[in-house]
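> structure, please.
(one chain, ligands or ions: 1)
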Amino acid sequence: MTLQKILWHPDPHLKKKCSEIGLVDDVTRALADDLLATMYNAPGVGLAAPQIGEVKRMFVMDCTAKEEDPFARVLINPEIVWSSKETSVYNEGCLSLPEQYADITRPAEVRVQYLNRDGKEVEEHFDGLWATCAQHEIDHLNGKLFIDHLSSLKRTMFTRKMMKMKKERTRDE
Ligand code: NI
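I've put the predicted structure just below:
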């Protein structure tokens, strides 16, 4: 288990459509463990593989935000198979855009099909923060960030702030 560096927007890895994982093997599970450790350490409630530079369709989430919690989910090749008509608004943030938040409207509930850590096919219904988080993370696998749901003016504003923060981060390293 290794703590990985979380990439910050703008970064080319965060703009890519990630590729499907063909086989859930020990390499896949090692990536899942790195994602979980890195997410809990941040701390955050969700983290997608491209955020640590692995352009693969996998993310982890735990909206209870408790370390080593049995509620931690590993979702491989996730697909939304149903979304509610009812929407909800959540003030979203992202570990790739630290300290940036915006209200994003999404379906309030979703049903997601995915492979779990053991390669078993699962279909799960999510609501509340779990539904928001799952959709936010699946966006990551398609090269999309929460700011891509905003107007181009607001998006540019966030990107400028992040470029400044990135410059400072590079200087501190
Ligand atoms: Ni994110």
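> what is whatever helix or strand residue 102 lives in packed up against?
For residue 102, the host element (DSSP states H and E) is strand 97-107. If you count contacts as 3 or more Cβ pairs under 8 Å, 6 or more residues apart in numbering; DSSP states H and E, strand 97-107 packs onto strand 87-94, helix 128-141, helix 152-172. To be clear about C-beta, it is placed using only N, CA and C from the backbone, and glycine gets the same treatment.
> the spatially most central residue of the chain: what's its closest spatial neighbour, skipping adjacent residues?
Central residue of the chain (Cα atoms, centre = their mean): residue 137, 3.2 Å from the mean position. Using Cβ to Cβ, 6 or more residues apart in numbering and skipping the chain neighbours, the partner closest in space to residue 137 is residue 59 (3.9 Å).
> please name the bridge partners of the residue lying closest to residue 76 once chain neighbours are set aside.
Among residues not flanking residue 76 along the chain, residue 115 sits closest, at 4.1 Å (Cβ to Cβ, 6+ apart). With DSSP bridges as the criterion, residue 115 is bridged to residue 76, residue 121.
> which residues touch residue 115?
Residue 115 makes contact with 21, 24, 75, 76, 77, 121, 122, according to Cβ atoms under 8 Å, 6 or more residues apart in numbering.
> next, count neighbours for residue 86.
9 (other Cβ atoms under 10 Å).
> quick check: it touching residue 109?
Yes. Using Cβ atoms under 8 Å, residue 86 is in contact with residue 109, at 7.1 Å.
> relative to residue 170, how far out is residue 80?
Counting by Cβ to Cβ, to the nearest Å, the separation of residue 80 from residue 170 is 36 Å.
> what's the answer for residue 120, then?
According to Cβ to Cβ, residue 120 stands 41 Å off from residue 170.
> pLDDT wise, what is residue 70 at?
pLDDT, residue 70: 69.
> excluding its backbone neighbours, what's nearest residue 161?
Sequence neighbours aside, residue 100 is the residue nearest to residue 161 in space, at 6.6 Å (criterion: Cβ to Cβ, 6+ apart).
> and for that neighbour, the neighbour number?
19.
> next: the one 10 residues further on.
Neighbours of residue 110 under the rule other Cβ under 10 Å: 22.
> ok, back up a step: just send the contacts of residue 115 back as a markdown table, with pLDDT, neighbour count and distance to residue 42 too.
Formatted as a markdown table, those follow (pLDDT from 0 to 100; neighbours: other Cβ atoms under 10 Å; distance: Cβ to Cβ, whole Å):
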| residue | pLDDT | neighbour count | distance to residue 42 |
| --- | --- | --- | --- |
| 21 | 98 | 19 | 23 |
| 24 | 97 | 19 | 24 |
| 75 | 98 | 26 | 18 |
| 76 | 98 | 25 | 21 |
| 77 | 98 | 18 | 24 |
| 121 | 97 | 10 | 29 |
| 122 | 97 | 14 | 25 |
